[in-house]
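[1] predicted structure and sequence below. I'll ask about it afterward.
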Amino acid sequence: MTTRVAVRANTYVDSVTLMAVSTRANELDGVTEAFVAMATEMNKRVLADLGLGAPALEAAGPGDLMLVVTVADGTDADATLAAVEALLERRRPERDEQARAPRTLDAAVAAVPEANLAVVAVNGAYAAREARKALERDLHVLLFSDNVPVAEEVALKRLAHERGLLMMGPDCGTAIINGVALCFGNAVRRGAIGIVAASGTGAQEVSVRIHDFGGGVSQLIGTGGRDLSAEVGGVMMIDGLRALAADPATEVIVLVSKPPAPEVEEAVLAEVARAGKPVVVCFLGGSEAAVEKAGAVFASGTKPAALQAVLLAGADESALDLHALNWPLIEKVRGKLGDEQRYVRGLFCGGTLCDEAMYAALATYDDVWSNVGQDPRRRIGALEPSRGHTFLDFGDDELTDGRPHPMIDPTLRNARIVAEAADPEVGVIALDFILGYGAHPDPVGVTLPAITEAKRIAAEAGRHLEILGYVLGTDLDQPAYADQVRALEAAGVTIASSSTNTGLLAREFVAKEAGR
Amino acid sequence: MNKTSELFSGELSVLNVGLRMFHDDLAAQGVDVTSVDWTPPGGGRLEVVAALSALEEPAVRERIERANALAVERIVSSRPVLVGFAPALEAIPGMTRETILHAGPPISYERMSGTMRGSVTGALVFEGLAADVEEADRVARSGAIRFAPCHEHDAVGSMAGVTSASMYVHVVENQTYGNRAYTNLSEQVAKNLRMGANDASVIERLRWMRDVLGPALAEAVEIGGPVDLRLLLSQALHMGDEAHNRNIAGTTLLFQALAPGLLQTRFSVAEKKEIFDFVASSDYFSGPTWMAMAKAALDAAHGIEDSTVVTTMCRNGVEFGIRVAGLPGNTWFTGPAQKVVGPMLAGYKPEDSGLDIGDSAITETYGVGGFAMAAAPAIVALVGGTVEDARASTEEMAAITVAENPNVTVPGLDFRGVPTGIDVRKVVETGVLPVINTAIAHKHPGVGMIGAGITHPPMEAFTSALTALATRLT
């Protein structure tokens, strides 16, 4: 084996592009390991841990690009390194485009004075500064980046609040403004329902269910995953709620979150009581009483939330397909599972989808483990072996530090699907596939080999392994929802019609006593 | 109507900072989206980002913007006029017989590059302070000679910039602000003192310049009157010069202005013909003139409190140094001098090159030279590019400058002004370094010019200046 190292000084390439380049580099003939990354301390540590440290890399700084290639014996290492470098060659921008590309946010504001919103998706260490500049130039902000320090988030949201601006995010990269999906989002009809959400995939799911029930979305405001923590205090959810209360196009408001910190919940519900419009509150795992006391409608899950919202917006319930639980299907699956196949393994890209499935299981079972659950006694590391019913959110910070989000690159989950198939106690593996803007262009296609392998492993051991898939997307999304579903069905995957039903179906498939 | 309802009721127009895929998704939805060509500020170093952030506090930022506007106003409104030629000893403040001025930031003789030592020893011989270059080397080390940067004496010097007491210098007066700037005369040929050559032919030419050329030019200006240099410079740019590596138009214009006075001087026809031949022997004759012009304008902006505008960029062959308007006096920020990349004269190779040297980067600091490449399509081959690259180069410099100079314009860019007022903050934030057109001197003493090309300053000069600004302003 031979290793070649190169450093390109003062060369910046964004993390998603680097991921694509690394993936393609590892596919080159003769490559045993290829690593193309910015020379951050973390990346340098990773290389050192792999035994690939080198003096040239140590000297490189976070603005420099590192290329490290290890090739098998008999492969020309220099030629391979050159091939990896060639992968970095980008399409040269059109002349006009090149001339117009501003180097800084200030220059962009000068070039486009009518701009009214900035999307910031740079490394968390630099993101707050860009967001602050945008707010100071009177731009609304969607801060996509994660790993932004909470103190910075608080300062940004205070600044935005003072200036009357939206400060969406960090780390819940979704919004639909004026019918336009920003970052992660789905193509949904415009309509009368406004959404404020502290969870990205929760917001996506509610918007998709609303669309599916024939409703539409006026605005969707992603507040950032920590907005309802005690430190941040729900600044963006309260401001978002007020904005939607004042918006003439919004008739019904839906709030989506994990349960807020108690004092924040109180503040948010006080604002709900003043909204002057019907509000549906979906705080997954939260309490019904407080919500109803505030005069709002409680929803136990994302699907009920969407249903309540469309009904409040005037839909006729009798005309809707409610996608009731398919009990004959449940019975059929139960019949295929052996006695020892007692457990659900939920492997999710979407945090809210993971939460919702986990809460469904918790309603029936004790032995429920997760990397994101609230009960510290039932915590399990995402890379540890599963125990009992296990629900893993592959989008958790622990797993995305230095890695793209699984909605963009589900490689890590694929390995886990195969691993779970070997466990004789597993009855059902539940999976989500998130379509839409920002997501992998073919999430089903990239997962099918793992599904096929999992099915094969179980079949060889003489077991039926139920794989339950949920495709989050609308008929307007790319790739086509119907094609994704068809591909899953062809691979023997059972399809759930919503996040809520995914959790319920998975739970019921492995229930061993009728009527439980 | 508040800003959120304006957003909800208006057209979305997005600035995208970071992941390119979000731009593509927005464009696919038919949204007006502009992406920032983002790179981690300050090379990603967090302490540099912290300094940038400190300078972005709204109150601080406002002070800086005001100060920078004033600095640029001074640069742009300066009217440098050539008022005479005189021996350095008479003209330059603080000059003595034992003083040697040199290019770039301060440096001791022992640390000077070979090019600059060749130049110093030649000047000591020329001044009669040593019999030959060997003795001159001992004299230079003896402590009897005071070395100082030209810039610390209101002067600039091309290449090694070595200026001694009896050399004639341009006297340029900034008629708007009253300050003066000085620089010595072009030696024309490639084998010259400023490039480190110091043989008998070089010394002989310096004597002729001292005894004939200098006095004649001084008398010519006395007779013909002052020459408005900014006017000539802007005409030269319209005629295809960038006033650093291409000076053919500027030299013609300058000499056209000087010739009538020169003809009326007391010098003989033979001497006048020598002078005419000397000027005609190299297009570079006016090169130093534009340097002094730029120096006069930039000095008027130096010392403006709170300004982050660069007033000096210069190199001594070992280090590159800058000064900043808001860090007054002789506060230097330095980093290693870089290689110059470009075509070489026949017989020389890149490894023969000395590192970047000279005060001539004062022209880029003013907004011409490399910053005005778009004005000089004839020499884009010299800097290894196409005409389109030359235009892009000037446009890129607009990303790191405060304003455009309406008095010095570029026809090929629809008469936009040259990018003016390099902002330390913008250089650090964008990672875009000023581009400098320059000559290449041989690395050893005694050889001279061996090529020409382009180079850039080291980033650390700008990051250390930025850190100092953050400390001073916050």
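    Looks like it came in fine. Quantities reported herein were computed from a predicted structural model and do not represent experimental measurements.

[2] output the below-cut-off pLDDT ranges for the chain.
    All of this refers to chain A. A:90-100, A:402, A:513-516 (pLDDT under 70).

[3] was after chain B, sorry
    Looking along chain B with the criterion set at pLDDT under 70, you get B:1, B:381-384.

[4] try 80
    Within chain B, the segments meeting pLDDT under 80 span B:1, B:190, B:346, B:381-385, B:446.

[5] how is it partitioned into domains?
    Following automatic domain parsing, one finds the domains of chain B at B:1-34, B:64-71+B:302-473, B:80-292.

[6] now those as JSON lines including mean neighbour count and distance to chain A?
    Every residue, glycine included, has its C-beta placed from N, CA and C. Converted to JSON lines, the domains of chain B look like this (neighbours: other CB atoms under 10 Å in any protein chain shown; distance: least, CB to the nearest CB, whole Å):
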{"stretch": "domain B:1-34", "mean neighbour count": "19", "distance to chain A": "3"}
{"stretch": "domain B:64-71+B:302-473", "mean neighbour count": "22", "distance to chain A": "4"}
{"stretch": "domain B:80-292", "mean neighbour count": "21", "distance to chain A": "20"}
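
[7] contact partners for residue B:243?
    When contacts are counted by CB atoms under 8 Å, 6 or more residues apart in numbering or on different chains, residue B:243 touches B:233, B:236, B:237, B:250, B:287, B:290, B:363, B:368, B:369, B:372.

[8] quick one: secondary structure of it?
    Secondary structure, DSSP: H, G, I helix; E, B strand; the rest coil: residue B:243 is coil.

[9] how about the strands in the stretch 1-150 of chain A?
    Here the stretch 1-150 of chain A has its strands, by DSSP state E, counting those that start in this stretch, at A:2-8, A:31-38, A:65-71, A:117-121, A:140-143.

[10] and of the ones you listed, who's closest to chain B?
    strand A:117-121 (3.4 Å; CB to the nearest CB).

[11] near chain B at all, the closest one?
    Yes. Judged by CB under 8 Å from any CB of the partner chain, strand A:117-121 comes into contact with chain B through A:117, A:118, A:119, A:120, A:121.

[12] which of these sits closest to residue A:273?
    residue A:117 (29.8 Å; CB to CB).

[13] show me the beta-bridge partners of that closest one.
    residue A:140, residue B:14 (DSSP bridges).

[14] with distance to residue A:338 and mean neighbour count added, can I get the strands of the stretch 1-150 of chain A in CSV?
    What follows is the strands of the stretch 1-150 of chain A, written out as CSV (distance: least, CB to CB, whole Å; neighbours: other CB atoms under 10 Å in any protein chain shown):
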stretch, distance to residue A:338, mean neighbour count
strand A:2-8, 48, 17
strand A:31-38, 40, 21
strand A:65-71, 44, 23
strand A:117-121, 46, 28
strand A:140-143, 48, 29
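
[15] just flag the most distant two among the residues of strand A:117-121 next to chain B.
    A:117 and A:121 (13.1 Å).

[16] how about the residue in the stretch 351-500 of chain A positioned nearest to chain B: what's its closest non-neighbour residue?
    Nearest residue of the stretch 351-500 of chain A to chain B: residue A:437, at 4.2 Å (CB to the nearest CB). Nearest non-adjacent residue to residue A:437, counting by CB to CB, 6 or more residues apart in numbering or on different chains: residue B:25, 4.2 Å away.

[17] I'd guessed the one you found sits against residue A:184; true?
    No. Contact criterion CB atoms under 8 Å: residue B:25 and residue A:184 do not qualify, at 9.5 Å.

[18] shared neighbours, these two?
    Joint contacts of residue B:25 and residue A:184 (CB under 8 Å, 6+ apart) are A:437, A:438.

[19] how about residue 404, phi and psi?
    You didn't say which chain, so I picked chain A. For residue A:404, the backbone dihedrals are phi -70, psi 160 (criterion: degrees, to the nearest 10).

[20] that was the other one, I meant chain B.
    phi -110, psi 150.
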